[in-house]
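Asks: Here's my sequence, what's the structure:
(one chain, ligands or ions: 2)
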Amino acid sequence: MNTRIELLNATERRVIRHLKRAPRLLTAYQIQSALGIRYPNTVYRALQRLLEFRFVHRIETRNAFIACDDPEESHHPGFVICSDCGLVEEFDVENISLLLRAEAAKRTFLIEKSAVEIIGRCQRCNSTVVKKPIHAGVR
Ligand SMILES: [Zn+2]
Ligand SMILES: [Zn+2]
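Replies: Ligands and ions are numbered 1, 2, ... in the order given. All right, here's what the predicted structure looks like:
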């Protein structure tokens with residue numbers, strides 16, 4: 001990993017460090033304002049390079065980004081995404097990926113991108129939602 005890290009410029013390193021510290025997804029705008037970067041294009045370029053080097057993944061349904069758990073390995077990531085707090089966890093979807101490619105091949109459909117994203121509520125957000133009506137009932 002060290003060798004590929006060395007290929008990154010200062011901005012790209014700042015962006016990946018920031019993403020690694022965040023356990024949740026961040027939009028390009030959130031990254032830009034958190035790091036005080038003046039131009040949006042600077043952030044987009046950095047993200048593009050980080051995507052090419054597989055240091056980050058794009059969460060398609062949210063147009064946001066997350067640091068990859070294991071950038072060394074080529075893999076087929078899927079994500080669970082909490083719509084309340086933005087928590088994201090990565091998991092491997094190699095089997096689903098094969099299925100998607102087979103379906104596309106059957107139709108001679110050229111895949112540009114595909115995404116496996118499960119959107120819902122994480123355990124913590126879900127338990128706070130469940131508690132509310134119980135308290136309301138006691139009152
Ligand atoms: Zn990954
Ligand atoms: Zn949550």
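Asks: Pull the contacting residues for the residue in the chain that ligand 1 sits nearest to.
Replies: Here the chain gets closest to ligand 1 at one residue, C68, 3.3 Å apart by C-beta to the ion. All C-beta spots, glycine's among them, are computed from the backbone N, C-alpha and C. Residues near C68 by C-beta atoms under 8 Å, 6 or more residues apart in numbering: R54, F55, V56, H57, P77, E90.
Asks: again, but for Q32
Replies: P40, T42, V43.
Asks: do the same with L99
Replies: So L99 contacts nothing (C-beta under 8 Å, 6+ apart).
Asks: out of the contacts of Q32, who has the most neighbours?
Replies: V43 (23 neighbours; other C-beta atoms under 10 Å).
Asks: So which of the contacts of C68 reach ligand 1?
Replies: Near ligand 1, taking C-beta under 5 Å from the ion as the test, the members of these found are P77.
Asks: want to throw the contacts of C68 into TSV with distance to ligand 2, pLDDT and secondary structure?
Replies: Formatted as TSV, the contacts of C68 follow (distance: C-beta to the ion, whole Å; pLDDT from 0 to 100; DSSP: H, G, I helix; E, B strand; the rest coil):
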residue	distance to ligand 2	pLDDT	secondary structure
R54	26	90	coil
F55	24	93	coil
V56	21	95	strand
H57	19	95	strand
P77	19	92	strand
E90	15	93	strand
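Asks: among the contacts of C68, which ones are buried?
Replies: Neighbour-count burial (16 or more other C-beta atoms under 10 Å) is assigned, among the contacts of C68, to R54, F55, V56, H57, P77, E90.
Asks: Quick check: of those, which lies closest to S33?
Replies: Nearest to S33 among the buried ones among the contacts of C68 is V56, at 17.7 Å by C-beta to C-beta.
Asks: Show me the beta-bridge partners of that closest one.
Replies: A67 (DSSP bridges).
Asks: just checking, it touches I16?
Replies: Yes. With contact defined as C-beta atoms under 8 Å, V56 reaches I16; the gap is 6.8 Å.
Asks: Identify the contacts common to these two.
Replies: With C-beta under 8 Å, 6+ apart, V56 and I16 have common neighbours L50, A67.
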